[in-house]
Every structure is written in C-alpha cells, then in structure tokens.
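K.L.:
Fold the following for me, if possible:
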Amino acid sequence: LANTPPFTGPPEPRREIMDDEIAQLQKQLLAAQMKDVSNRLSHRNCVDLISKIISQGDIKLLHTTTGREYLTHEQLNKEINEVIERDGGRTSMLNIQKNCDVGTEHVQAAVKAIVKGDKHKMLLGSEVITTRYLNAMAEEINEKLQTLGRLDLTHLAQEFDLPLAFLTEQISSNLDTTIKGRLQQTHLFTNAFVHRLRVQIRGALHAATMPTSLKS
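P.N.:
Numbering: from 1, shown residues only. Model prediction:
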C-alpha cells in the first residue's frame with residue numbers, strides 16, 4: 001500500500017472533448033480556406049454596398065476617378081502634402097488631381113482647407129506655393145544678383161512664371177536679409193554695382209569739357 005500512488009480523482013473527459021472539438025474546427029477552417037468561394041461579392045456589389053453606407057452617413061469616403069479605390073479625407077490631405085513637398089514646394093491643382101486620382105472638386109476643397117490651416121502654404125491662382133519654395137527662390141535671385149550686379153524683374157517674372165506684382169512683393173520682403181541689393185522700380189541692383197556706376201558717372205562728368213546730354 002505504501003507504493004500505491006495517491007488518488008487524483010477520475011480522468012478529465014471534458015478536456016479531451018474540448019481538444020477534439022478544437023482539432024475538428026481547425027480541420028474545418030483549413031478545408032474552408034482551400035475551397036473556391038463561389039458566392040464572393042462582385043466588384044459592382046462592393047461598390048453598391050459602400051455607396052449605400054456612405055449615403056447613410058456612416059462613413060465619409062472619396063471615390064477615385066478610376067473607380068477602383070476609396071480613400072478618406074485624411075488620406076487625401078496626406079497625399080496632397082506629399083505631392084507638394086515632392087515638387088519642391090510649388091505645384092498645380094491639375095498635377096495634384098492627376099497624382100491623387102480624385103475629382104477636381106475634392107482636390108480644390110482639400111487644398112483650400114490645407115492652405116487655410118497652414119501659414120506656410122498659399123494659393124496663387126491654380127498653384128500651391130510654400131514658404132520653402134519662396135525662400136529657395138529668394139536665395140537663387142540673390143545668387144544671380146551678386147553674379148550679374150543687376151537684374152530686371154520683368155525677366156525674372158517670366159523666368160519663374162510668376163506675376164510681376166507678386167514677385168516684386170517677395171523681393172521687397174527679402175531685401176537686406178536674403179537678397180543683398182537695392183530695388184528701384186522694376187530693377188534690382190547690388191550696392192557694388194551702384195557704387196561703380198556712380199564712379200563712372202563722376203569720372204565722365206569730370207572729363208567733360210562741354211555740356212553733356214544725360215543720354216550720352
């Protein structure tokens with residue numbers, strides 16, 4: 001009797017039954033996964049179902065122009081910002097619409113909301129322009145100015161494809177900071193250029209022996 005193991009009670013048939021049930025369910029799941037689904041929803045059915053959910057106001061989604069995808073307003077805003085950054089801080093509404101693949105009216109509404117909530121972005125005509133782009137443009141203009149000594153704003157407006165008034169405003173706001181020069185009407189000069197011009201004029205006047213026309 002001393003070697004008799006202690007009595008632990010009757011076996012647990014319930015545990016064995018549960019293990020068998022789990023094994024059977026796993027087999028059924030595997031079999032279901034291996035079968036071809038004949039009653040799968042068609043693309044048209046999915047579109048109709050999602051459209052109904054949207055119309056009931058349960059979810060807010062945008063339909064792509066290709067008709068193959070839906071996206072949220074948050075995702076559209078993210079993609080618009082990615083396009084703007086990828087294009088160097090300046091891009092057009094048309095380019096955004098092509099890259100985001102949604103209707104023009106959705107792009108316009110989203111861009112206006114983005115610009116309104118971001119002080120570093122502005123809407124100029126049909127383009128979105130960021131302060132990043134404007135800062136880079138000011139640096140480029142200053143490099144040209146220091147090299148040439150003089151710039152015509154009319155030519156610059158054509159080069160950057162910007163309205164002359166807008167370009168003049170941007171240059172004025174960057175004078176003595178990024179752009180080292182002087183603005184006079186539609187011309188931009190460096191201080192060195194102005195100094196050389198004064199020296200030339202002074203020399204010409206000293207050498208004049210008779211009244212001289214300013215045109216000459």
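K.L.:
can you pull out the strands in the chain?
P.N.:
With strands called from DSSP state E, the chain shows them at 62-63, 70-71, 90-92, 121-124, 127-130, 150-152, 182-184, 187-189.
K.L.:
buried set for the fifth one?
P.N.:
Pointing back at strand 127-130 there. Using 16 or more other CB atoms under 10 Å as the burial criterion, the residues of strand 127-130 that qualify are 127-130. From N, CA and C alone the C-beta is placed, and that goes for glycine too.
K.L.:
which one among those gets closest to Arg182?
P.N.:
Ile129 (25.5 Å; CB to CB).
K.L.:
Residues in a beta bridge with that closest one, which ones?
P.N.:
Arg90, Met122 (DSSP bridges).
K.L.:
Next, the contact list for it, please.
P.N.:
Residues counted as contacts of Ile129 (CB atoms under 8 Å, 6 or more residues apart in numbering) are 89-90, 121-123.
K.L.:
Over to Leu156?
P.N.:
141, 167.
K.L.:
quick one: it from Lys116, how far?
P.N.:
Separation of Leu156 from Lys116 (CB to CB, to the nearest Å): 29 Å.
K.L.:
still on that earlier bit, buried ones among the contacts of Ile129?
P.N.:
Looks like the contacts of Ile129 have 89-90, 121 buried, using 16+ other CB under 10 Å.
K.L.:
No further questions, thank you.
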